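Asks: sequence? don't have it. structure:
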Ligand SMILES: Cc1ncc(C[n+]2csc(CCOP(=O)(O)OP(=O)(O)O)c2C)c(N)n1
Ligand SMILES: Cc1ncc(C[n+]2csc(CCOP(=O)(O)OP(=O)(O)O)c2C)c(N)n1
Ligand SMILES: [Mg+2]
Ligand SMILES: [Mg+2]
């Protein structure tokens, strides 16, 4: 039954008998470090927004385990089509946090050249595909990439992420259907954090789980404890080897909870009681993993300080750098709409640059994002 | 398990023990007459197209049982959002075949005023909602109507139809999800006739059935023999009483086969072997029902002639009438875009009418639909 | 009579309609308990119950599709699309269905409904929270399209839209939800007719034709032009469809010079239609080229949004151009 | 070199591309075994295998969404949309995704692909098999849009589109798939550049600017005008985006009088953009209003389609109007 929730770590951090994935001590400590870094990154992002230094941020607090566990279960050549709540996934795939900060500052050094809102990353080097805001559109795209891998006879997989809200989107339906029909090497990974902004899971669907939706497409659906990095790691490894062996896609539902607001513009106290949040506080994925490491004698205060302070110092410095970089030049706004700039667009550019030079522009950089 | 196929009539027309729905002899004979009329209507439609008297037709041969069985299980106030392959459903809901012929001729007496392609009916009197070509759009609309019925505290239901191809559409996903979330009194009825033009069911989805897709939305899914009018009748009655009693939607999959071409423009020999068609020939829903009636002493040659010749004569005469009615007037083309014609559109109308009057128009009514 | 922002006027109109007409229901993502991400529906669920005001799953096609069904059946739904940029999953429902139901059914089925959506830039929303895609819908017969620019108009136009028997796309320039001004907004039910433009500033030398938030930028430009002794007439279309062609032609006849200002990408924007109408029906009065000041033909950018959006400086530059032609 | 129809030229181009470039794959509803409902892909699956040419489930969003993913990964997909009218379920993928990928990722990800779709009226397809919605896409930066009018152009433009590094919407006027003429179409790979218009008839009194099937109607009108001693220049845009503005301005400067002919509903159609460009950049040479002959602002009708579609008579009437102004 897909409603069984797979787990490796018990709430107290103890390992269920014989379920531990094959990971070295170093990898385990790396997992922890990445989770701590993820939380620090989110804190930094929220802080920068509160300080008015960036316009918007969107945190993933409480969802660190699934991001890191998942990332470490993939191969470097695998492609990812992430949703917007995945900073830890990017970090665990090896993205330099400084590059992420450039993006949220929208500065001249940003890979997206300041064109997208904060957290809409694109990292070619890590096969981390440019994020867009419309929910669900990237799901069939991941299938297409996976079809291309299969077409070329490669052994890579594509993974794509969506929230519980995202399961209602058109992209979810067509993506899973196409993925199954073509037996594409793709993993559909749902962060079921129970909320889509203010809409709770029960109002999103009457299905007993997200995982059971796999039945509609004739593919396996698994449910996993999303606050358990090792369980997520194992589920993604499994799904990956199915895909790599020509067995087609898998739908993974990772159960978790959005501990923070939807974004820097959201006030969750308007729609959800504190008690629920407190309950989930107890299931904190980082604390649980620390217990686990402690049990294995892989954790001590020194390591903790290294993780915590290391992250903070790194991010503090990188944010300062990112802030200094400044905005992209006005003419860059006209580049990259097409490979070559069409003559008419070049005229538009020249006109604007002329006005800017002669000081005739009056628009001000103001306003910040309310959502 | 949703993969069990519910049936009442065995292939030889015999009744499975104790499963017969509660229908009077008259109703049973009426069912038969309507199935025969449906086939005659399709034959008439194809014929008119072959004779070049109408531009397009789309037959439902082989799918008569599900259309009639379903229609008779509904109440007059129920609303339907049909797909385009449902002439028998319209007939069984009490639509005058002459009105249907007006539509396929696109004449001045057509309820749609000659604005839509053949078979895109609209019949307000029978709560038969205007058909459109884009696949699946009507599915959430049916849910909305059902939500309105519930909002008003009424006991009616909405029913909507889609093909196996239609289950891949966005409308299917959002429709079923919304229907379930709001526990709307709606019935989702899939004519699984195995083909979407040239694409067979196995290439449409990897799900083991359409019915199982209900699991993705947390609603019951049933599978029924679509060539068995009584089984369909029973399934729709059941789903209807669930809906009327506040128990929400049901997905019904009726297994059938598209015996003819997709439409008057299609040549199925390009993509499917005759053998498959021959197999299904044996499962002809009309013959099976005739066996059943014969077994119950409700059928004789006289009744047969009455059904067959009655239908033919009626349709022959109605087609002649419809042909005579002539096209709608040019100025009607500008009416009904909005409740009141906006001034600019009135100008467009006046300009065109002027040109028409002074004989300056050169466009010819030519070309016919290739699909 | 209280003073209100545009956002407050939206809320006021919705409340007024819910109170008056039991056919009215409001649906959309987050419109319920939290009152919408912009708070346009704040307090409405609490006051009118979840039966009247309810959250939906995350699927715009479902929102508009079910709203169409409700409208066909006789309710008067007011679906909210959280940002106009997210209407595309519902594009088929809007253009193939809502827009065509009355026509294709020979008037047997109609779907009067008001799709509300915040539109336009100015809030640093990047590509997907900033677009002004009114031109797509203006090219779709069967739809009405309204874009208010003042609080009192907002309420009156929204109530007109709710009364209307055809589907209306009610586009709210989110950038001026709170900003620019508050003004007195009458209590209770009143309407401002659809299809009527408003002269926001009278002038004799040049007409600036605009709609949405850009009207306020045009007024700013008009003020600056005044300093140079150029008298600018600012016409606020208010409705994109039906379009007040008479008002467009009248201002052009008054001034003989035209600047059209809009936020959307220049090419194929609704400003092109305005220019085409003038070039077709009033060319004999034109004393200069018809200038367009618009967004550029690029996706809507994030960091440089204030350079992308037409500002008073750019409009003034165009005014100078047509005046000195 | 063989003679071919436009439909034949499409098939020929696809075959040529499949043979030359292993990155090319074709997908869509019914494109496989049956070779497409119009037979544009006839024989291609048999020749190149199901790996290269394959049927899809019935979901345009899935077709374009997966094609985008393939393109991002380095293939060169050519998805078919069975009728342009059915592109709306994929509208989000086209306008939010394909059009914006290069830009939003700072050039890190691109999606070169060619979306083929039969467009326009003339086959008695009613509302949903007849529309010309190029204006929606023309208002979407990041897309290229092509509409061929002759067999030789069709092949050359389609091969250019396949070579192009940006997403191209290749709109095939289905009404002239077989009709109007056959002409010699060169064998093998050759290209006709995107973004270049073609003068189809030289003239001095008035320019008719058009695209798609309407070009042939314009030529018919030009012939009738000739009988009245009016010399008509017919400009065929060929590409809607990038637009050959230079060619538009040149023909206007040649004649000083303009008629724009297109099938889509008049309001907000691409003809409005052409008129706006002329009114902005060549008004000084105009000797008459810019006339538009277009579809009406109604959904596309069935029985009266021949009255809805602009015909030579209506174009001629407009020519008379601008000539006698
Ligand atoms: C098509 C579309 N509609 C609406 C939105 C606005 N929106 C942004 S996030 C969000 C909720 C998403 O919830 P979920 O998928 O559960 O992801 P989570 O935020 O919980 O990670 C909504 C409605 C959007 N981005 N795209
Ligand atoms: C959105 C959309 N895409 C494509 C089409 C073209 N088309 C018309 S019918 C059809 C096949 C439908 O198959 P199915 O849903 O199984 O219904 P059936 O024809 O078998 O009754 C297709 C692809 C369409 N009408 N709408
Ligand atoms: Mg969520
Ligand atoms: Mg079928």
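Replies: Okay, I see it. All figures in this text were calculated on a predicted structure; none of them were measured in a lab. Numbering: from 1, shown residues only, chains lettered A, B, ... in the order given. Ligands and ions are numbered 1, 2, ... in the order given.
Asks: Can you tell me, leaving aside adjacent residues, what's nearest to the residue in the stretch 151-300 of chain C that ligand 3 sits nearest to?
Replies: Proximity of the stretch 151-300 of chain C to ligand 3 (C-beta to the ion) peaks at residue C:174, 23.7 Å away. For the C-beta atoms, the positions are set from N, CA and C on the backbone; glycine is no exception. Excluding its sequence neighbours, the residue lying closest to residue C:174 (C-beta to C-beta, 6 or more residues apart in numbering or on different chains) is residue C:118, at 3.8 Å.
Asks: quick one: what helix or strand has that neighbour in it?
Replies: Taking DSSP states H and E as the criterion, residue C:118 maps to strand C:114-119.
Asks: for that strand, packing partners?
Replies: strand C:76-80, helix C:151-163, strand C:168-173 (3 or more C-beta pairs under 8 Å, 6 or more residues apart in numbering or on different chains; DSSP states H and E).
Asks: What residues does the spatially closest residue to residue C:41 that is not a sequence neighbour make contact with?
Replies: Nearest in space to residue C:41, with sequence neighbours left out and distances taken as C-beta to C-beta, 6+ apart, is residue C:31 at 4.4 Å. Residues near residue C:31 by C-beta atoms under 8 Å, 6 or more residues apart in numbering or on different chains: C:40-41, C:44-45, C:53-55, C:80.
Asks: now residue C:31: how far from residue C:80?
Replies: The gap separating residue C:31 from residue C:80 is 5 Å, by C-beta to C-beta, to the nearest Å.
Asks: Find the residues that touch each one of the two.
Replies: Common contacts of residue C:31 and residue C:80, defined by C-beta under 8 Å, 6+ apart, comprise C:40-41.
Asks: Distance from stretch A:353-363 to the middle of the chain?
Replies: 39 Å (C-alpha atoms, centre = their mean, to the nearest Å).
Asks: Could you list the buried residues of that stretch?
Replies: Across stretch A:353-363, burial judged by 16 or more other C-beta atoms under 10 Å in any protein chain shown covers A:355, A:361-363.
Asks: Ok, stretch A:136-143 next?
Replies: The neighbour-count check on stretch A:136-143 (16+ other C-beta under 10 Å) flags A:136-143 as buried.
Asks: Could you pull up the contacting residues of the closest residue to ligand 2 within the stretch 201-350 of chain A?
Replies: Ligand 2 sits closest to residue A:216 of the stretch 201-350 of chain A, with a gap of 16.3 Å, by C-beta to the nearest ligand atom. By C-beta under 8 Å, 6+ apart, the contact set of residue A:216 is A:176, B:207, B:212-213, B:215-216.
Asks: One more pass at 7 Å, please.
Replies: By C-beta atoms under 7 Å, 6 or more residues apart in numbering or on different chains, the residues touching residue A:216 are B:207, B:212-213, B:215-216.
Asks: Which pLDDT value goes with it?
Replies: Here the pLDDT value assigned to residue A:216 is 98.
Asks: now do the one 5 residues further on
Replies: Looking at residue A:221, its pLDDT stands at 98.
Asks: what's the nearest residue to it if we skip its chain neighbours?
Replies: Using C-beta to C-beta, 6+ apart, the closest residue to residue A:221 is residue A:214 (2.8 Å).
Asks: and for stretch A:36-43, what are the contacting residues?
Replies: By C-beta under 7 Å, 6+ apart, stretch A:36-43 touches A:59-61, A:64, A:67-68, A:87-88, A:91, A:97, A:286, A:307-308, A:311-312, A:315.
Asks: What mean pLDDT does that stretch get?
Replies: On average, the pLDDT along stretch A:36-43 is 98.
Asks: and that stretch, is it in reach of ligand 1?
Replies: No. In terms of C-beta under 6 Å from any ligand atom, no part of stretch A:36-43 sits within range of ligand 1; the closest distance is 12.9 Å.
Asks: Give me the phi and psi for residue 258.
Replies: No chain was given, so I picked chain A. Main-chain torsions, residue A:258, degrees, to the nearest 10: phi -80, psi 100.
Asks: Hmm, no, I was thinking of chain C.
Replies: Main-chain torsions, residue C:258, degrees, to the nearest 10: phi -130, psi 130.
Asks: Hmm, it is touching residue C:290, no?
Replies: Yes. Using C-beta atoms under 7 Å, residue C:258 is in contact with residue C:290, at 4.8 Å.
Asks: Leaving out chain neighbours, which residue sits closest to the residue in chain C that chain B sits nearest to?
Replies: Here chain C gets closest to chain B at one residue, residue C:69, 2.2 Å apart by C-beta to the nearest C-beta. Excluding its sequence neighbours, the residue lying closest to residue C:69 (C-beta to C-beta, 6+ apart) is residue B:144, at 2.2 Å.
Asks: near ligand 2 at all, the host helix or strand of that neighbour?
Replies: Taking DSSP H and E as the criterion, residue B:144 maps to helix B:138-151. No. Using C-beta under 6 Å from any ligand atom, we find that helix B:138-151 stays clear of ligand 2, coming within 11.3 Å at best.
Asks: wait, does stretch A:131-146 contact ligand 1?
Replies: Yes. Stretch A:131-146 lies within reach of ligand 1 by C-beta under 6 Å from any ligand atom, at A:133-135.
Asks: just to revisit the earlier point, measure the residue nearest to residue C:41 to residue B:307 for me?
Replies: 54 Å.
Asks: Could I get the phi/psi values of residue A:194?
Replies: Here is the backbone geometry of residue A:194 (degrees, to the nearest 10): phi 80, psi -10.
Asks: And it, what's its pLDDT?
Replies: Looking at residue A:194, its pLDDT is 97.
Asks: hang on, the earlier thing: for the helix or strand just after the helix holding residue B:144, packing partners?
Replies: Next helix or strand after helix B:138-151 toward the C-terminus (DSSP H and E): strand B:158-163. For strand B:158-163, the packing partners by 3 or more C-beta pairs under 7 Å, 6 or more residues apart in numbering or on different chains; DSSP states H and E come out as strand B:79-81, helix B:138-151, strand B:186-192.
Asks: Could you double-check that residue A:6 sits in contact with residue A:228?
Replies: No. When contacts are counted by C-beta under 7 Å, residue A:6 is not listed as touching residue A:228 (8.5 Å).
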